[in-house]
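J.: mind folding the following:
(4 chains)
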There are 2 protein chains.
Amino acid sequence: MVEGLRERKKQRTRQALIQAALRLFEEKGYEETTLAEIAAEAEVSTRTFFSYFASKEDVLFFDSQQRLDRAMTRLAAKTPDQTVADLLRQFLEDSIEQVITGTGTYDAAALRARLVLTVPSLQARALHLLLDSQLTLAKALHEAFPDRLSLQDAGTAVGALIGAIMVTVMTSVDEGKPIDEIIAAVRRAGDVTIAGLGSLG
Amino acid sequence: MVEGLRERKKQRTRQALIQAALRLFEEKGYEETTLAEIAAEAEVSTRTFFSYFASKEDVLFFDSQQRLDRAMTRLAAKTPDQTVADLLRQFLEDSIEQVITGTGTYDAAALRARLVLTVPSLQARALHLLLDSQLTLAKALHEAFPDRLSLQDAGTAVGALIGAIMVTVMTSVDEGKPIDEIIAAVRRAGDVTIAGLGSLG
DNA sequence: GTGCAAAAATGCAACGAGTGAAAAGAATAA
DNA sequence: TTATTCTTTTCACTCGTTGCATTTTTGCAC
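T.: Down below sits the predicted model:
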């Protein structure tokens, strides 16, 4: 059996919940949307929501695992001639591309960006997820260069890069810059930081 | 009137709430402590708690504003001969010193560290506060070097430095390193990052 | 198909955080 | 003292989240 009915149905329920949530967040705002409404729209009980997502916040970040997986795969596909800086640069470009393309899944990206920027609890959750990713990436980066790059140094590299990008994005957004200028700023921040980390690896 | 009774009483209530919360968090753990218990211990109504702190999480970060203020003051006291790197290095050393000395207030530091490391919602809240501080610091750094350092570049610098430190700390903690090794790792991460940011400013 | 075990969905009750509004209490200025 | 202003309390309510017992659905062996 390739994919049982059970599994397919679960995926459909999951999708229904995601769609319902996104639609309602878009329509009435995050805090104004209740779990009861999301569940009703997806035609499941409120209780069932929690067997798919651990919290109301999490439904917005439904694809974060996928994203991390993709980044990890790219890291694992490292060729012997690539340096630490090469991998970081590749990661930077991949990330920018994902933003430009849309999330890859569909256009939850804009909605998510808007919500994360305006709803404190979502911002906090996003940062928390991001920190976890950073730890995972640091571990992977260390394993890509087991003897040249200690785990701590890998953490320094990943943290500096993502930290620089994050604060750059936030200050740019604060200033009301348009999306293409923000991307340019991100690229610059990434370049500067990666170049600066040259002493590692 | 130097300080009205009203004001003094408010400060006392605030302190009582902080003390009560910390004592209970220490004794029974964060999630196991209810707001009702904290309020009872501080001898105020549950409702009153919320005119002092916006959330249960926030009571643990009662001194974050003070800390930020101190850092800002130090930045503002910049002498004309100091470079961007000098200020960042100063900030790094100040921060390390605060950790070593204790919070400055008293020993909420160890408790807070333990809780932030183990309670997800506190970790998220801490990250959120930290991001806000970074934006403020970036703005201040930009204003310290109005024409040499753009706001975006200041964001890059602050973000890279704090990001590098944060992930370094987390990976070190993950590995179970003792406190003095963590401090050494932080200093190294800071040095590497600041040195790397040399092209800015 | 029928029956059965596993998995998933549901309903219900409960808890805790957080909010709004009105009433009571305390400090201040006059 | 009195009128005013700020603070605290009380009460009622919403919402997210969880535990538990029950029912429904599904996968599989016969």
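
J.: run the chain-centre distance for the host helix or strand of A:E41.
T.: According to DSSP states H and E, A:E41 maps onto helix A:35-42. Centre-to-centre, helix A:35-42 and its host chain are 25 Å apart (Cα atoms, centre = their mean, to the nearest Å).

J.: after that helix, which helix or strand is next?
T.: Next helix or strand after helix A:35-42 toward the C-terminus (DSSP H and E): helix A:46-52.

J.: and the helix or strand following that following helix, how far from the chain's centre?
T.: Using DSSP H and E, the helix or strand that follows helix A:46-52 in sequence is helix A:64-76. Remark: helix A:64-76 is offset 10 Å from the chain centroid, using Cα atoms, centre = their mean.

J.: just stretch A:127-144 next, same as before
T.: 12 Å.

J.: for the nearest residue to A:R14 once chain neighbours are set aside, give me the pLDDT.
T.: For A:R14, ignoring the flanking residues on the chain, the nearest one in space by Cβ to Cβ, 6 or more residues apart in numbering or on different chains is A:Y52 at 5.3 Å. All C-beta spots, glycine's among them, are computed from the backbone N, C-alpha and C. As predicted, A:Y52 sits at a pLDDT of 98.

J.: again with A:G104
T.: At A:G104, pLDDT is 49.

J.: A:Q152 is in contact with B:S172, isn't it?
T.: Yes: applying Cβ atoms under 8 Å as the test, A:Q152 and B:S172 come out as touching, 6.2 Å apart.

J.: follow-up on the earlier one: next, count neighbours for the residue nearest to A:R14.
T.: The number of residues packed near A:Y52 is 18, by other Cβ atoms under 10 Å in any protein chain shown.

J.: quick one: contacts for it?
T.: A:Y52 makes contacts with A:T13, A:R14, A:L17, A:V59, as judged by Cβ atoms under 8 Å, 6 or more residues apart in numbering or on different chains.

J.: closest to DNA strand D out of these?
T.: Closest approach between those and DNA strand D, by Cβ to the nearest atom of the strand: A:V59, at 8.8 Å.

J.: any idea how far that closest one is from DNA strand C?
T.: Distance of A:V59 to DNA strand C, computed by Cβ to the nearest atom of the strand, to the nearest Å: 15 Å.

J.: report pLDDT for that residue.
T.: pLDDT for A:V59: 98.

J.: follow-up on the earlier one: quick check: neighbours shared by A:Q152 and B:S172?
T.: Jointly contacting A:Q152 and B:S172 under the rule Cβ under 8 Å, 6+ apart are B:A185.

J.: about what we covered before: show me which residues of the helix holding A:E41 are buried.
T.: A:L35, A:I38, A:A39, A:E41, A:A42 (16 or more other Cβ atoms under 10 Å in any protein chain shown).

J.: would you turn the residues you listed into JSON lines with pLDDT?
T.: Shown next, in JSON lines, are the buried residues of helix A:35-42 (pLDDT from 0 to 100):
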{"residue": "A:L35", "pLDDT": "98"}
{"residue": "A:I38", "pLDDT": "98"}
{"residue": "A:A39", "pLDDT": "98"}
{"residue": "A:E41", "pLDDT": "97"}
{"residue": "A:A42", "pLDDT": "97"}
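
J.: between those, which is nearest A:E181?
T.: Closest approach between the buried residues of helix A:35-42 and A:E181, by Cβ to Cβ: A:I38, at 35.2 Å.

J.: from DNA strand C, how far out is that closest one?
T.: For A:I38 relative to DNA strand C (Cβ to the nearest atom of the strand), the value is 12 Å.

J.: test my guess that that residue contacts A:I18.
T.: No: the criterion here is Cβ under 8 Å, and A:I38 misses it with A:I18 at 9.5 Å.

J.: shared neighbours, those two?
T.: Common contact partners of A:I38 and A:I18 (Cβ under 8 Å, 6+ apart): A:V59.

J.: identify the residues contacting the lowest-mean-pLDDT helix or strand in chain A?
T.: In chain A, no helix or strand scores lower on mean pLDDT, DSSP states H and E than helix A:84-101, which sits at a mean of 90. Applying Cβ under 8 Å, 6+ apart, the set of residues contacting helix A:84-101 from outside is A:67, A:70-71, A:74-75, A:78, A:82, A:104, A:109, A:137, A:141, A:144-145, A:148-149, A:157-158, A:161, A:165, A:183, A:186-187, A:190, A:194-195, A:197-198, A:200-201.

J.: got the angle between that helix and helix A:64-76?
T.: 140 degrees (axes from the mean of the first three to the mean of the last three Cα atoms, to 10 degrees).

J.: quick one: buried residues of whichever helix or strand comes after helix A:84-101?
T.: Next along the chain after helix A:84-101, taking DSSP H and E as the criterion, comes helix A:108-118. Within helix A:108-118, the residues that count as buried by 16+ other Cβ under 10 Å are A:A108, A:A109, A:L111, A:R112, A:A113, A:L115, A:V116.

J.: wait, the first one touches A:L22, no?
T.: Yes: counting by Cβ under 8 Å, A:A108 sits close enough to A:L22 to count as a contact (5.8 Å).

J.: can you list residues touching both of these two?
T.: Residues touching both A:A108 and A:L22 (Cβ under 8 Å, 6+ apart) are A:L60.
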